[in-house]
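K.L.:
what's the 3D shape of this:
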Amino acid sequence: MSVDTVSSSTLRDLVRRALKPVVFILCLLPLVWLIAQGLTGGLGANPIEALIRGLGDWALRFLLIALAVTPVRIITGWLGIARLRRMLGLFAFFYVMLHVLSYVGLDQLFNLARLWDDVVKRIYITFGMAAFLMLIPLAITSTDKMVKRLGGTTWRRLHRAVYVAAIAATIHYFLMIKAGYTEPMIYAAILAVLFAVRLYKKWA
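P.N.:
Residues are numbered from 1 along each chain as shown. Have a look, this model is predicted:
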């Protein structure tokens, strides 16, 4: 075995070992940035709304990133990216949960009656809460133990709900904003492409 072969193998092993820790840190950076902005007055005149929206933006982004893992594997043939799927999915739920908790706690002040009125009367809140509720069982059943307990087939069927949740989250974003639809349209286009790649792989 040549020195170049050994070096190449060692480099690949280092990349494989470092991939998860590096991605983990990168996934925390948006939260660190939002906290720093909040502490330094960088969230503007309405920091609570800015925080809620910022967390919501990153929740949707991470949801799309998690959904992109399999299409990227299909297109590139990079099998190692599959190791990130669970972590990225849990980070998506983490940001969704922070988004919802900041809305319930900071905006609604844990007033359940007012919260219920908001969910019923504002359709974008309805879609957002529906997406959140769909993601809860997926986060709970994300462990290897739960996969074994449910069985692979049942587990996969359950986790297909993530697609419905992603659609609901995108609609939530569309309905929430009053002007400037470029960003939600980009997210919707990305979601459509991700669906198209998976469907092509399934039926090809």
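K.L.:
got any ranges where the chain has weak pLDDT?
P.N.:
1-9, 11-12, 15, 204 (pLDDT under 70).
K.L.:
where do the helices sit along it?
P.N.:
Using DSSP state H, the helices of the chain run over 3-39, 47-76, 85-102, 112-121, 123-140, 144-150, 152-159, 161-176, 182-203.
K.L.:
ok, and what's touching the fifth one?
P.N.:
Under the criterion Cβ atoms under 8 Å, 6 or more residues apart in numbering, residues 56, 89-90, 92-93, 96-97, 100, 118-120, 146, 158-159, 161-162, 164-166, 168-169, 171-172, 174-176 lie in contact with helix 123-140. Where you see a C-beta, it was placed from the backbone N, CA and C, and this is true even at glycine.
K.L.:
one more: the shortest one?
P.N.:
Helix 144-150 is contacted from outside by 140-141, 155, 158, using Cβ under 8 Å, 6+ apart.
K.L.:
repeat for the third one
P.N.:
Contacts of helix 85-102 with the rest of the structure, by Cβ under 8 Å, 6+ apart, involve 20, 23-24, 27, 30-31, 48, 51-52, 55-56, 58-59, 62-63, 65-66, 69-70, 128-129, 131-132, 135-136, 138-139, 142, 162, 169.
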